[in-house]
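>>> sequence below, structure please.
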Amino acid sequence: MDLNYKTVNIFPSIIHQFDVNGFEEIQDDLINYVYQYRNTFPKSESISNRGGWQSPSFIVANENDKLENFLINCLSEFPPIKKSVQMKIDCWININSPSSFNVKHNHPNCDLSGVLWIKCPNNSGNINFSNPSDFQSYNQVESYTNEFKNLYNFYHSCSFKPKTGRFIVFPSHLEHDVDVNNSNEDRISISFNIQLQ
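Numbers count the residues shown, from 1 in each chain. Got it, this is the predicted structure:
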């Protein structure tokens, strides 16, 4: 049988990834900021984290604050968002010490969520996203060839390795978890939620 075959993707789950050029110039300042912030709020929040330390959530609006100014400048340049759309951002700081991790969760009551990795030693834990239709499409995923799955990123789950100075932004409804930090150092990240207005 002679087939004229093509594939059309509809309704994708879009993951935005961008790196901050020259991040090493501000990295040490942000690391110092994080540890000073932990001294101010030594008691960890406990939401999805198991072990490690997580700050209380705070609104990102103060351009005189080193971290908030950095986030405002980076996210205001987020290319696909129309300039007429306002973004309300709140964030929190994560210090995942060795052996700590984050269980599967999502971020309700917002549109987009994301993470900025400030310090991520080797083997400090990937972020893993679950296919939102995995239950319904289990047999479909299993039936496709590896070549097809690789071409269209059609899996049961998908992992991203952390990289210093990298942002990823994703739909808030996507369930995700973070692997155990198997390094001997802290992994430091900033997580955030965005409401589009």
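
>>> residues in contact with the longest helix seen in the chain: which ones?
Looking across the chain with DSSP state H, the single longest helix is helix 24-40. Contacts with helix 24-40, where a contact means CB atoms under 8 Å, 6 or more residues apart in numbering, come from 53, 55, 66-67, 70, 93, 95, 118-119, 164-165, 188. C-beta here means a position set from N, CA and C on the backbone, and glycine is covered the same way.

>>> show me how far it is from its chain's centre.
19 Å (CA atoms, centre = their mean, to the nearest Å).

>>> just checking, which helix or strand succeeds that helix along the chain?
Remark: after helix 24-40, the chain's next helix or strand is strand 49-50, criterion DSSP states H and E.

>>> for that next one, give the mean pLDDT please.
On average, the pLDDT along strand 49-50 is 90.

>>> and the longest helix of the chain, C-alpha only, in PDB?
Taking Å, rounded to 0.1, in the frame of the first residue of the first chain, the C-alpha atoms of helix 24-40 are listed here in PDB:
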ATOM      1  CA  GLU A  24      27.900  33.700  36.000                       C
ATOM      2  CA  GLU A  25      28.300  37.400  36.600                       C
ATOM      3  CA  ILE A  26      25.300  37.500  39.100                       C
ATOM      4  CA  GLN A  27      25.300  33.900  40.300                       C
ATOM      5  CA  ASP A  28      27.400  34.400  43.400                       C
ATOM      6  CA  ASP A  29      25.300  37.400  44.400                       C
ATOM      7  CA  LEU A  30      22.100  35.400  44.000                       C
ATOM      8  CA  ILE A  31      23.500  32.400  46.000                       C
ATOM      9  CA  ASN A  32      24.500  34.800  48.800                       C
ATOM     10  CA  TYR A  33      21.000  36.400  48.700                       C
ATOM     11  CA  VAL A  34      19.400  32.900  49.000                       C
ATOM     12  CA  TYR A  35      21.300  31.900  52.100                       C
ATOM     13  CA  GLN A  36      20.700  35.300  53.700                       C
ATOM     14  CA  TYR A  37      17.000  35.000  53.000                       C
ATOM     15  CA  ARG A  38      17.000  31.500  54.700                       C
ATOM     16  CA  ASN A  39      18.600  33.100  57.800                       C
ATOM     17  CA  THR A  40      15.600  35.500  57.900                       C
END
